[in-house]
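Asks: build me a model from this:
(one chain, ligands or ions: 2)
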Amino acid sequence: MSLFAEENSASSSKSECNALEDPAWRIVIVGKTGNGKSSLGNIILRCQDDTFVIGSGMNSTTTKHSVKRNLSENLEVVDTPDPVNCDMDESTAKLEVTQWKGCTNMGVVVVIRCDVRYTAEEYAIYKQIKEHWGSDFCKHLVVAFTFGDRLEQDLDDFGKQLENGCPEVVNVLRDANQQYVVFDCSAGKLKSQ
Ligand SMILES: Nc1nc2c(ncn2[C@@H]2O[C@H](COP(=O)(O)OP(=O)(O)OP(=O)(O)O)[C@@H](O)[C@H]2O)c(=O)[nH]1
Ligand SMILES: [Mg+2]
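Replies: Ligands and ions are numbered 1, 2, ... in the order given. All right, here's what the predicted structure looks like:
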C-alpha cells in the first residue's frame, strides 16, 4: 500500500479505500495566492515529490481544491485556491469553499507570509472564506506563518510584533485563539530535513 492517496483515486486498493473513509483529521489549508499553501501541504504530508503542485510564476497555481492523504498517519490535507485571485464570483467561491469541508475532525490552517505586509486585500480574502465556511470556521483554526527563513528577528520578537501588529492580523490571531506556527517551506526544505 502506498503512503499517499488521492481521494476517489480509481487506482486505490480496497484496503486504501477503507482507510480513505475515515481519516483522523482533515486539515484544510487556506489563504492568499503565493503564500505557500501547497508547499505547506507537502510538508504536513511529509511528501517529498511535491504532491501538491508548487508555483513560481505570477498567476495562481492552485485553481481547484485537491485532497491528498497520508495513509500511515491517517491524515488528509486539502490544498485550496485563493477564490479572489482565481476570479471566482461570489456563488462559485461559496460552492468551492463548501467543498473543502469534510465530515471528520477538521482543522483550518490560514497561511500568511511573515516577511511581507498583511494587506487589506488579503484580509478580505480571509473574511470571504470565513463567511462562506460558516460558524465552525474558527473551531480549530491555526495561523501558519510561512517564509520563516526570511524572518529577520527571533521568534520572541516576532511574537511581540504580532501583539502590537496590524489590526487585521490581530483579528485573525484572535479567531485562531492565538495559535500560530512559523514555517520555513522554502524549496527543498523537506528533503534537507
Ligand atoms: N523562501 C520561501 N519560499 C517559500 C516558502 N513557502 C513557499 N515558498 C515559495 O513560494 C512560491 C509559492 O508557493 P506555493 O506553495 O505554490 O503557494 P500557494 O499559496 O500554493 O500559491 P497558489 O497555488 O498560487 O495559491 C514557491 O516558489 C515556493 O517555493 C517559504 O517558507 N520560504
Ligand atoms: Mg497552491
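
Asks: ligand 1 contacts on the chain?
Replies: Proximity of the chain to ligand 1, by CB under 6 Å from any ligand atom, involves residues 33-39, 54-56, 60-62, 81-82, 146-150, 183-187. Every residue, glycine included, has its C-beta placed from N, CA and C.

Asks: over to Val143. Which of the three states is it?
Replies: strand (DSSP: H, G, I helix; E, B strand; the rest coil).

Asks: OK, contacts around the residue nearest to it when sequence neighbours are not counted?
Replies: Nearest non-adjacent residue to Val143, counting by CB to CB, 6 or more residues apart in numbering: Tyr180, 4.0 Å away. Listed by CB atoms under 8 Å, 6 or more residues apart in numbering, the contact partners of Tyr180 are 142-145, 162, 173.

Asks: who wins for neighbours among the residues you listed?
Replies: Ala144 (26 neighbours; other CB atoms under 10 Å).

Asks: which secondary structure elements does the longest helix anywhere in the chain contact?
Replies: With DSSP state H setting the assignment, residue counts place helix 120-133 as the longest helix in the chain. Judged by 3 or more CB pairs under 8 Å, 6 or more residues apart in numbering; DSSP states H and E, the packing partners of helix 120-133 are strand 25-31, helix 90-100, strand 106-113, helix 167-175.

Asks: export those as a markdown table, with columns for mean pLDDT and distance to ligand 2.
Replies: Below are the helices and strands packed on helix 120-133 laid out as a markdown table (pLDDT from 0 to 100; distance: least, CB to the ion, whole Å):
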| stretch | mean pLDDT | distance to ligand 2 |
| --- | --- | --- |
| strand 25-31 | 96 | 9 |
| helix 90-100 | 96 | 13 |
| strand 106-113 | 97 | 10 |
| helix 167-175 | 97 | 19 |
